[in-house]
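> sequence and predicted structure, then a few things I'm wondering about:
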Amino acid sequence: MMQGRVALEARWLELIGETLPGLAGARRWPVRFNHCFARIILDQVCGGCWYDHVPGRPAYRHLGEPQLRAAVALAEKVAAGACDLVALNAASLAWRRARRRP
């Protein structure tokens, strides 16, 4: 079933604000805060630092619907244990380190 934009945004906020932070301790993830989960997921969806690809803030409101759908799907995979958050975080941090280099 296709979700509308409002439902996708609500699901994003639930996943990033409650679900993933709630799983962080038990899964021993290197991050615990909602903005860290958002960074990791959005960087992966954008293929680099999300703020180089998303024109406004908050990011989820300015993503195209296909990007938001991909972000929600990836966050759900992480929550389900079907995707390695540690590896996604490492990729996000690598993109950010590369971006800072002259």
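Arrived safely.

> now do the contacts for Leu85.
Counting by CB atoms under 8 Å, 6 or more residues apart in numbering, Leu85 makes contact with Leu20, Arg27, Trp29, Val31, Ile40, Val78. Where C-beta positions appear, they are placed from N, C-alpha and C, glycine not excepted.

> my guess is the fifth one meets Leu88, correct?
In other words, Ile40. Yes. Ile40 lies in contact with Leu88 (CB atoms under 8 Å); the separation is 5.0 Å.

> out of those two, which sits in the busier spot?
Set Ile40 next to Leu88 and count neighbours by other CB atoms under 10 Å: Ile40 wins out with 28 against 19.

> now do the same contact list for that one.
Val31, Leu85, Leu88, Asn89, Ser92.

> just the ones of the residues you listed in helices?
Counting by DSSP state H, the contacts of Ile40 place Leu85, Leu88, Asn89, Ser92 in helices.

> how about those residues in a markdown table, adding pLDDT?
Conversion of these to a markdown table gives the following (pLDDT from 0 to 100):
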| residue | pLDDT |
| --- | --- |
| Leu85 | 98 |
| Leu88 | 98 |
| Asn89 | 98 |
| Ser92 | 98 |
